[in-house]
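A.B. asks: Sequence and computational prediction follow.
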Amino acid sequence: MSFDRPGRVSMRMRQLLVKTLREAPAEAELASHRLLLRAGLVVPLAAGLYCFTPLGWRVIRNVERIIREEMNASGALEVHLPALHPIELWEQSGRAALMGQTLFRLTDRKEREFALGPTHEEVISYLASRTIQSYRDLPVTLYQIQTKFRDEPRPRGGLIRLREFTMKDAYSFDTGWETLDASYDAAFAAYRRIFQRAGVPVVPVAADSGAIGGKDSQEFVFLTDAGEDTILLCPGCSYAANAEKAEFVPPPPVPGEPAPLERVHTPGKRTIAEVAAYLGVEPRQTLKAVFYRADGNPVFVAIRGDLEVNEVKLKNALGAREVEPMDEAAVREYGLVAGSASPVGIEDIPVVADTSAVEAVNLVGGANVPDHHLRNVNYGRDWNASLVAEIALARAGDACRACGTALETRRGIEMGHVFKLGTLYAEKMGVYYLDESGERRPCVMGCYGIGVERMLAAIIEANHDSDGIAWPWEVAPFDVHVVVIGAGEPPIATAVAEVEAALSAHGLEALIDDRDDSPGIKFKDADLLGMPARLTVSPRSLERGGVELRFRRGGETAVLPANEAASAIAKARTDTLGAGPS
RNA sequence: CGGGGUGUAGCUCAGCCUGGAAGAGCGCUGCGUUCGGGUCGCAGAGGCCACAGGUUCAAAUCCUGUCACCCCGACCA
């Protein structure tokens, strides 16, 4: 029936080093992490490093196959770049310092410095600069599936955050922003198909474009409580953004006419909640002071008391590379009165104000004197800021900027990222082309990434039950799990050979459990390992005229002749896949 | 980097408080048994009790330090 999958064969379980565990190691908490270990797909080596077993690697290869097919279908060209990078490339782009300790560094025998690539914008730019010369070469999208190295401060969640991992990274090169939109849209569409085929439900969300600059940036997020990112979703207009990027309207201020400034004694009251309660006002009627360092320089941030600072928005507003909370020693050094600080009278340190603090009237703020606060603090009259910007963190219940509906928050895992880079890298790394008029111009770039191992984790998170994994067809290590009961008896051996031939003829691959174990163990392992279809060959099934067919996701069991069973599996597979690869 | 937790057999864990011969279940090997949802029996193999130092006649156990791993946070192109 389906002969489009050449070279597919069955494998014997006892030769495949499939070692399932009845219990998962105690440290594994996520369902995907536990099942990866229990099913024997991976073996941990060190924090953020995993070995893949033959079974686990087959899934990885399937995910990569889907990615290749869809990237190729979108017109992208596969390349391969070194993982070992001369450090000069990273200094040229300025990211050697930006990446900080995340960058793995090493030195060769001649004392030349290298980095293990955490990503490949620099190297792809190098390749592009040597190959792209004319507008006639554009547009072009290059991609690779390659190992990345990142010295993460905290690897976590099994395959969710690794220190060495595989990424499909793609980079588009265009003559201008208009055609970049087309390249970006093509990558976006390919990503949708990839995640759909792999069985990972994702939502595209607006993301921060970070210090690199650039324009649009979207993440494909798999919504799950196991996620490490916070996503804001609008039930009204389907606006979706991650917490760093999310735009919103904070609760309105309490209206009023400016009243005279008044100093009050607030003994021992330091937090917003304490001060507000003591003075009988709402938190949104207070002014909160937070101290940061931006690229080493002190920054005084003023924001309404009921809101929190979004450090990414603050960083972007300042145009800073790095923003971090000021440590206590520095707070003392600058003479700031933690607990009673306010921008009133602050002169030595630049003040950044959130719009919320500027628009509200008669706020309660610190007096910059211990145990004292000020009533009726008003912007413009009592204090000023060197920069006013929206730097507040969106929270559940805040109003959607677009439609006013209350936003909801969910946790999610970033599965992929598409990003309009612009000309920044092209200029720094020298990726230029000659346009029709012979003028030298920088390429407009986009970049697009998917984490392969993370896909495996997400596939399991999204496709499992209490018995184990339930692989989607396209990524399953095998199509069929053949449970052999009573192996060793000649009629059974004959039947198994018949089943193998029938499956092979239908282009199906099978994992044949030929182990000398009890039926109970085999059925439990079949559920745990999660192949989409299961065939049982036993004396009982032969008596009933064939082999027993059952699908992992439930449904009725049926006893059929081997050939009909194989045919039914092939049909189920095709029906589920629909039109198949695009 | 801050907070919390855990390191004893391949896995899950007991033993530590109160120092005195290293244990159980699962898994693994062999023999037998059983054969449709983690059979049963017998016999085995397997441990530098994370590492280092200290206290003690004696340390898995008490003390100090280090390392590793996990969780929360910070961080995360």
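C.D. replies: Received it, and whenever you're ready, just let me know what you need. Residues are numbered from 1 along each chain as shown, chains lettered A, B, ... in the order given.
A.B. asks: In this structure A:Val312 contacts A:Glu244, no?
C.D. replies: Yes. With contacts counted by CB atoms under 8 Å, A:Val312 reaches A:Glu244, the gap being 3.8 Å. (C-beta placed from N, C-alpha, C; glycine too.)
A.B. asks: hey, what's in contact with both of those two?
C.D. replies: By CB atoms under 8 Å, 6 or more residues apart in numbering, A:Val312 and A:Glu244 have these common neighbours: A:Asp208.
A.B. asks: and the gap between A:Arg112 and RNA strand B?
C.D. replies: 24 Å (CB to the nearest atom of the strand, to the nearest Å).
A.B. asks: what do you get for A:Gly345?
C.D. replies: Applying CB to the nearest atom of the strand to A:Gly345 and RNA strand B gives a distance of 29 Å.
A.B. asks: Is that residue located within a helix, as I assumed?
C.D. replies: No. A:Gly345 is assigned coil when assessed by DSSP: H, G, I helix; E, B strand; the rest coil, not a helix.
A.B. asks: tell me the pLDDT at it?
C.D. replies: On the pLDDT scale, A:Gly345 is placed at 87.
A.B. asks: beta partners for the residue of the stretch 301-450 of chain A found nearest RNA strand B?
C.D. replies: Taking CB to the nearest atom of the strand, RNA strand B has its nearest neighbour within the stretch 301-450 of chain A at A:Gly449, 3.4 Å off. With DSSP bridges as the criterion, A:Gly449 is bridged to A:Asp169, A:His417.
A.B. asks: ok, how many other residues are close to it?
C.D. replies: For A:Gly449, the neighbour count with other CB atoms under 10 Å is 22.
A.B. asks: got it, and A:Glu498?
C.D. replies: For A:Glu498, the neighbour count with other CB under 10 Å is 17.
A.B. asks: which strands and helices sit next to the helix or strand where it lies?
C.D. replies: Secondary structure from DSSP states H and E places A:Glu498 in helix A:490-505. Here helix A:490-505 touches strand A:480-484, strand A:510-513, strand A:533-537, helix A:539-543, helix A:562-577, going by 3 or more CB pairs under 8 Å, 6 or more residues apart in numbering; DSSP states H and E.
A.B. asks: need these in TSV with mean pLDDT, mean neighbour count and distance to A:Pro260, can you?
C.D. replies: Listed next are these as TSV, based on pLDDT from 0 to 100; neighbours: other CB atoms under 10 Å; distance: least, CB to CB, whole Å:
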stretch	mean pLDDT	mean neighbour count	distance to A:Pro260
strand A:480-484	96	25	80
strand A:510-513	95	26	81
strand A:533-537	97	26	79
helix A:539-543	94	15	91
helix A:562-577	95	18	73
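A.B. asks: In CSV: those, plus distance to RNA strand B.
C.D. replies: Written out in CSV, the entries for these read as follows (distance: least, CB to the nearest atom of the strand, whole Å):
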stretch, distance to RNA strand B
strand A:480-484, 8
strand A:510-513, 11
strand A:533-537, 4
helix A:539-543, 4
helix A:562-577, 12
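A.B. asks: The ones you listed: which one's closest to A:Asp465?
C.D. replies: The closest approach between A:Asp465 and any of the helices and strands packed on helix A:490-505, judged by CB to CB, belongs to strand A:533-537 at 14.4 Å.
A.B. asks: Adjacent strands (with direction) for the closest one?
C.D. replies: strand A:480-484 (parallel), strand A:547-551 (antiparallel).
A.B. asks: hmm, who's touching the last one?
C.D. replies: Applying CB under 8 Å, 6+ apart, the contact partners of strand A:547-551 are A:495, A:499, A:532-538, A:541, A:556-562, A:565, A:568-569, A:572.
A.B. asks: and if you look at stretch A:507-514?
C.D. replies: Contacts of stretch A:507-514 (CB under 8 Å, 6+ apart): A:1-5, A:8-14, A:16, A:18, A:477-484, A:487, A:496, A:499-500, A:503, A:522, A:525-526, A:529, A:531, A:535, A:566, A:569-570, A:573.
A.B. asks: Beyond the lowest-mean-pLDDT helix or strand in chain A, next helix or strand please.
C.D. replies: For chain A, counting by mean pLDDT, DSSP states H and E, helix A:328-333 ranks last in confidence among helices and strands (a mean of 78). Next helix or strand after helix A:328-333 toward the C-terminus (DSSP H and E): strand A:351-354.
A.B. asks: now that next one, how far from the centre of its chain.
C.D. replies: 31 Å (CA atoms, centre = their mean, to the nearest Å).
A.B. asks: Just the C-alpha atoms of stretch A:546-564, please, in PDB.
C.D. replies: Extracted C-alpha coordinates of stretch A:546-564, given in PDB (Å, rounded to 0.1, in the frame of the first residue of the first chain):
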ATOM      1  CA  GLY A 546      -4.900 -14.300  13.500                       C
ATOM      2  CA  VAL A 547      -3.200 -11.600  15.600                       C
ATOM      3  CA  GLU A 548      -4.800  -9.100  18.000                       C
ATOM      4  CA  LEU A 549      -4.700  -5.500  17.000                       C
ATOM      5  CA  ARG A 550      -5.100  -2.600  19.400                       C
ATOM      6  CA  PHE A 551      -4.200   1.100  19.100                       C
ATOM      7  CA  ARG A 552      -2.400   2.800  21.900                       C
ATOM      8  CA  ARG A 553      -4.900   5.600  22.100                       C
ATOM      9  CA  GLY A 554      -7.700   3.200  22.800                       C
ATOM     10  CA  GLY A 555     -10.500   1.800  20.800                       C
ATOM     11  CA  GLU A 556     -11.600  -1.700  20.300                       C
ATOM     12  CA  THR A 557      -9.300  -4.700  19.900                       C
ATOM     13  CA  ALA A 558      -9.800  -7.000  16.900                       C
ATOM     14  CA  VAL A 559      -8.400 -10.300  15.900                       C
ATOM     15  CA  LEU A 560      -7.400 -10.300  12.200                       C
ATOM     16  CA  PRO A 561      -5.200 -12.200   9.800                       C
ATOM     17  CA  ALA A 562      -1.700 -10.700   9.700                       C
ATOM     18  CA  ASN A 563      -2.100  -9.100   6.300                       C
ATOM     19  CA  GLU A 564      -5.400  -7.400   7.200                       C
END
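A.B. asks: max-length helix in chain A?
C.D. replies: helix A:177-198 (DSSP state H).
A.B. asks: And the next helix or strand after it, what does it pack against?
C.D. replies: Reading on from helix A:177-198 to the C-terminus, the next helix or strand found by DSSP H and E is strand A:203-206. In terms of contacts (3+ CB pairs under 8 Å, 6+ apart), strand A:203-206 is packed against strand A:217-223, strand A:229-233, strand A:240-242.
A.B. asks: centroid residue for chain A?
C.D. replies: A:Glu414 (1.7 Å; CA atoms, centre = their mean).
A.B. asks: Could you point out the helix or strand that follows whichever strand or helix holds that one?
C.D. replies: Using DSSP H and E, A:Glu414 falls within strand A:408-422. For strand A:408-422, the succeeding helix or strand toward the C-terminus, using DSSP H and E, is helix A:424-429.
A.B. asks: what about A:Gly48, distance to A:Arg552?
C.D. replies: A:Gly48 is 31 Å from A:Arg552, where distance means CB to CB, to the nearest Å.
A.B. asks: swap in A:Phe300?
C.D. replies: Applying CB to CB to A:Phe300 and A:Arg552 gives a distance of 59 Å.
A.B. asks: need the helices and strands packed on strand A:203-206 in TSV with distance to A:Val352 and mean neighbour count, can you?
C.D. replies: Shown next, in TSV, are the helices and strands packed on strand A:203-206 (distance: least, CB to CB, whole Å; neighbours: other CB atoms under 10 Å):
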stretch	distance to A:Val352	mean neighbour count
strand A:217-223	23	23
strand A:229-233	23	21
strand A:240-242	22	23
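A.B. asks: Counting neighbours, which bits of the longest helix of chain A end up buried?
C.D. replies: If you call a residue buried by 16 or more other CB atoms under 10 Å, then helix A:177-198 has these buried ones: A:180-181, A:183-184, A:186-188, A:190-191, A:193-198.
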